[in-house]
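In: Quick one: sequence and predicted model below, then my questions.
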Amino acid sequence: MRSLALPAAFALLSLASAAQAHPKLVVASPAPNATVAKPARVALQFSEKLMPKFSGADLMMTGHGGAKHSPMKVAATTQVAPDGRTLVVVPKSPLGAGRYSVAWHVVSADTHRVSGSFAFAVK
């Protein structure tokens, strides 16, 4: 009996840790710290399907012409793409030259909120 108990315990631990996984940011476009031409959108792909009602992002302009200034929120729409794993932020107007930050928060099936942020520049 003892030889069966150990594999069963490992199997239960594996299931428990898989159930507690959280979505992780896999790819972002523009990439963190990148300098890009005017992007039409910001796309963040996660490791798990997202709950659209509880997932979103804010796009902020944080600097212009090499100078930092108080963050200014950029008018944009945010939605989860049809693949269920990609959060897409579409600015209502083209992004001008400057530094930007994206602050995101997502929730997947495990119902835990995960958040993060990154910056990029537009030339």
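Out: Cool, got the structure.
In: so residue 22 makes contact with residue 107?
Out: No. Using C-beta atoms under 8 Å as the test, residue 22 is too far from residue 107 to be in contact (9.3 Å). Heads up, the C-betas are built off the backbone N, CA and C, glycines and all.
In: More neighbours: which of these two?
Out: Counted by other C-beta atoms under 10 Å, residue 22 and residue 107 do not tie: residue 107 has more neighbours, with 20 against 14.
In: list the contacts for the more buried one?
Out: Residues in contact with residue 107 (C-beta atoms under 8 Å, 6 or more residues apart in numbering) are 23, 50, 51, 54, 55, 113, 114.
In: Given the helix or strand hosting the last one, what are its sheet partners and their directions?
Out: Spelled out, that is residue 114. Here residue 114 is covered by strand 113-122, with elements defined by DSSP states H and E. Neighbouring strands of strand 113-122 in its sheet, by DSSP bridges, are strand 35-36 (parallel), strand 98-107 (antiparallel).
In: neighbouring contacts of the shortest one?
Out: Contacts to strand 35-36, defined as C-beta under 8 Å, 6+ apart, come from residues 30, 120, 121, 122, 123.
In: Are any of the residues you listed buried, and if so which?
Out: The neighbour-count test (16 or more other C-beta atoms under 10 Å) applied to the contacts of strand 35-36 identifies 30, 120, 122 as buried.
In: Is the second one bridged to anything, and to what?
Out: What that stands for is residue 120. residue 100.
In: contacting residues around it?
Out: 30, 31, 32, 33, 34, 35, 36, 99, 100, 102 are the contacts of residue 120 under C-beta under 8 Å, 6+ apart.
In: run the last query once more with 10 Å
Out: Residue 120 makes contacts with 28-36, 39, 42, 95, 99-102, as judged by C-beta atoms under 10 Å, 6 or more residues apart in numbering.
In: Kindly supply the PyMOL command isolating those of these that are buried.
Out: Filtering the contacts of residue 120 down to the buried ones (16+ other C-beta under 10 Å) takes a single PyMOL command:
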select buried, resi 28+30+39+42+95+99+100+101+102
